[in-house]
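A.B. asks: Okay, predicted coordinates and the sequence, questions at the end:
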Amino acid sequence: MSLTLKLHVTTTTSHLSLNTTSFQRPITTLKTTKPIYHSNPLSSLVYKHKPTTTMPHGSGSASLTIKSSLIDPDGGTLVDLVVPESERRTKAAEAEALPKVKLTRIDVEWVHVISEGWASPLRGFMREEEYLQSLHFNSLRVKDGSVVNMSLPIVLAIDDETKERIGKETNVGLVGPNEDLIGMLRSIEIYKHNKEERIARTWGTTAPGLPYVEKVITPAGNWLIGGDLEVLERIKYNDGLDNYRLSPKQLRNEFDRRQADAVFAFQLRNPVHNGHALLMNDTRRRLLEMGYKNPILLLHPLGGFTKKDDVPLDVRMEQHSKVLEDGVLDPETTIVGIFPSPMHYAGPTEVQWHAKARINAGANFYIVGRDPAGMGHPTEKRDLYDPDHGKKVLSMAPGLEKLNILPFRVAAYDTVEKKMAFFDPSRAKDFLFISGTKMRNYAKTGENPPDGFMCPGGWQVLVNYYESLQTEESSPQQAVKC
């Protein structure tokens, strides 16, 4: 399955950061007694999962390989629903003969998420029992009786006409927006799509103006179809960024290759400024102080649907590349990948999904900040969610007990030192808080932020992007004048 997208990037240097890092002395035990953030009670969550050591064939007793499978995937096994190449032709012929369900672009993003195991142990779009557990309990109970987190319903909507066409069939074929065959759903179940209940329980409001609701749920059909997913080929977007779309299996293999003894994930949907970098570098320093020898950063921007005023993925990836080029983050200890999930902007409910997916990718530490996955209220001048609730919810969410939660230390621009620094309340007047909105306004108007806010190369990427938007907006007007 391939999608072709329009890009904003004019020139991009790939910084997948898959270089081998030297590892001098293997470690078989980890010290976890020293908390990362001494003043924050949430940092007491520690999952004492020791790395596996394996002895290569023919090696002496002094030669050990550290395996970075520091955290098991939910359900114990990483799901991979892509059909083996040897079976592809047969499966494609079978799917071709079935009634078809046509997918939207965002549906395809969810197929990508499910098929690669980000939602393990989920093996397809949710049937009603799974949907109700997710919607009401933010979790699923698996066969062995244990509970895994699943805070967002992952569902596929169909309309009355499609339901009628499926009839009594138990399997359906899936086709993309361009009618290309993607895969199948087996042993299907069709049930009612109560949109109001879904919206109210996921977002905590039914106020108009919720981006995902308006884009996906409101225009969707009145039925949901669940079943076991089979995908004919890995999802590709042909946008020049597919090499960044590392699956959970690929990420785990890379962590093993680098002999990581800790993996800390940082999700963002904004450009990286020096405050972000300060936080990530400081986290690594603190992990080293705790006794870890080779902690690896997973810089993991969200790559699915985002709202219109967010900076597009291709621009963000170019900006992240410049951050690595300029040495703000160390390429030797950083892996940059794209998380393929669509964005809901559902605050504390959604941040659980973001954390759970990183468990499946092999990260055992997750950095969480102020108002994660949040947004401004769509009809009132306030935040939609309490900015502290996301990190509090993560500390007690069912199924996330094995993940170490690392709350943000607040960073702001220090006007005395002229750099991003951790906020010091004793001299609060010396600090300037530059919000994402303010940052975007700087770039839109061509005004430079204070020196030290962002690396020059990364800032220029944003300026170029907003200049290109202004050019596009003025072009129709010029055409009319002519």
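C.D. replies: Nice, I can see it. Numbering: from 1, shown residues only.

A.B. asks: you'd agree residue 275 is up against residue 409?
C.D. replies: No - contact criterion CB atoms under 8 Å: residue 275 and residue 409 do not qualify, at 9.9 Å. For glycine as for every other residue, the C-beta is placed from the backbone atoms N, C-alpha and C.

A.B. asks: more crowded one of the two?
C.D. replies: residue 275 (24 against 18; other CB atoms under 10 Å).

A.B. asks: For that one, which residues are in contact?
C.D. replies: By CB atoms under 8 Å, 6 or more residues apart in numbering, the contact set of residue 275 is 411-413, 420, 453.

A.B. asks: That one falls within a helix, correct?
C.D. replies: Yes - judged by DSSP: H, G, I helix; E, B strand; the rest coil, residue 275 forms part of a helix.

A.B. asks: Run through the residues that contact residue 320.
C.D. replies: Counting by CB under 8 Å, 6+ apart, residue 320 has contacts 15, 271-272, 299, 301, 336, 458.

A.B. asks: ugh, wrong one, residue 375
C.D. replies: The contact partners of residue 375, by CB under 8 Å, 6+ apart, come to 211, 307, 345, 347, 383-384.

A.B. asks: So which of the residues you listed is the closest to residue 286?
C.D. replies: Of all the contacts of residue 375, residue 286 sits closest to residue 347, with 26.7 Å by CB to CB.

A.B. asks: just checking, the closest one touches residue 390?
C.D. replies: Yes - under the criterion of CB under 8 Å, residue 347 makes contact with residue 390 at 6.2 Å.

A.B. asks: in the stretch 1-150 of the chain, which spans are strands?
C.D. replies: In the stretch 1-150 of the chain, the segments counted as strands under DSSP state E, counting those that start in this stretch are 52-54, 65-67, 100-102, 139-141, 147-149.

A.B. asks: which stretch in those strands is the model least sure about?
C.D. replies: Of all the strands of the stretch 1-150 of the chain, mean pLDDT reaches its minimum on strand 52-54 (a mean of 33).

A.B. asks: in the chain, which spans are helices?
C.D. replies: Along the chain, counting by DSSP state H, helices occupy 88-96, 105-116, 128-137, 160-166, 195-203, 211-212, 248-257, 274-290, 313-325, 347-360, 389-394, 436-445, 456-481.

A.B. asks: deepest of those, which one?
C.D. replies: Across the helices of the chain, averaging neighbours per residue (mean count of other CB atoms under 10 Å) puts helix 347-360 on top, at a mean of 25.

A.B. asks: tell me the angle of that helix relative to helix 128-137?
C.D. replies: Taking axes from the mean of the first three to the mean of the last three CA atoms, to 10 degrees, helix 347-360 and helix 128-137 form an angle of 120 degrees between their directions.

A.B. asks: which ones are touching the closest residue to residue 189 other than its chain neighbours?
C.D. replies: Sequence neighbours aside, residue 127 is the residue nearest to residue 189 in space, at 4.4 Å (criterion: CB to CB, 6 or more residues apart in numbering). Shown in contact with residue 127 (CB under 8 Å, 6+ apart): 189, 191, 226-227.
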